[in-house]
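*Asks:* prediction below, plus the sequence it came from.
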Amino acid sequence: MAKESSFDVVSKPDMQEVANAVNQSEKELETRFDFKGSKSSIAQRETEIVVTSDDEYKLSLVLDIIRSKLIKRGVSLKFLEYGKLEPAAGGTVRQVVTVKSGIDSDVAKQIVKLIKDSKIKVTASIQGDQVRVTGKDKDDLQAVIALLRKQDLSVELQFTNYR
């Protein structure tokens, strides 16, 4: 009897890289000429990035800075979920950007359906905020990874615990 092999499909951002990108963005805000005298700021709390600025235009510029730093650090923008724009103290505007982690149930069901429709001889099961794929042949598991990498899903996927 062949041993079962498996891997997990997860969606977890590298929070240290997110923190580094936020710190770099803060430093750039301090040095950029177009933000001199501006009330623009970036603050990170756990999985939230709070962006405050004078108006919507400057807020969008600050978000562009954050996005560029995240991309340079290898963090996908698919992890970001933007809250609504809200007025803040002193005539400024604020937006909360949440860094998502885990695969929500709708996307997990979509992943399982993709795997089943591919007719590859593996089984996929949803386990909390991840999907476990098991099969007898490691080549089949590699084929599933290749299949999922080609898909354009709403979340960034990583493949862990490959054994």
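*Replies:* Cool, got the structure.

*Asks:* mind giving me the packing neighbours of the worst-scoring helix or strand of the chain on mean pLDDT?
*Replies:* One helix or strand of the chain scores below all others by mean pLDDT, DSSP states H and E: strand 86-88, with a mean of 90. Applying 3 or more CB pairs under 8 Å, 6 or more residues apart in numbering; DSSP states H and E, one finds that strand 86-88 contacts strand 92-99. The way it works is simple: take the backbone N, C-alpha and C, and place the C-beta from them, glycine included.

*Asks:* now do the buried residues in the strand it packs on.
*Replies:* For strand 92-99, the buried set under the neighbour-count rule, 16 or more other CB atoms under 10 Å, comprises 92-97, 99.

*Asks:* need the strands for this protein, in chain order.
*Replies:* 5-10, 41-45, 48-53, 80-82, 86-88, 92-99, 123-127, 130-135, 158-160 (DSSP state E).

*Asks:* just put these in TSV and tack on distance to residue 113.
*Replies:* Listed next are these as TSV, based on distance: least, CB to CB, whole Å:
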stretch	distance to residue 113
strand 5-10	13
strand 41-45	36
strand 48-53	32
strand 80-82	23
strand 86-88	37
strand 92-99	26
strand 123-127	9
strand 130-135	11
strand 158-160	18
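
*Asks:* so which of those strands is nearest residue 144?
*Replies:* Of all the strands of the chain, strand 130-135 sits nearest to residue 144, with 5.5 Å by CB to CB.

*Asks:* give the contact list for residue 93.
*Replies:* Applying CB atoms under 8 Å, 6 or more residues apart in numbering to residue 93 gives the contacts 52-56, 59, 85-87.

*Asks:* same check, this time on residue 61
*Replies:* Shown in contact with residue 61 (CB under 8 Å, 6+ apart): 34-35, 53.

*Asks:* dump the residues you listed into CSV; add distance to residue 160 as well.
*Replies:* Output for the contacts of residue 61, formatted as CSV (distance: CB to CB, whole Å):
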residue, distance to residue 160
34, 42
35, 39
53, 37
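
*Asks:* domain map for the protein?
*Replies:* The chain is divided into the following domains under automatic domain parsing: 5-12+103-160, 15-99.

*Asks:* and stretch 143-151, what's buried?
*Replies:* Judged by neighbour count (16+ other CB under 10 Å), stretch 143-151 contains these buried residues: 143-145, 148.
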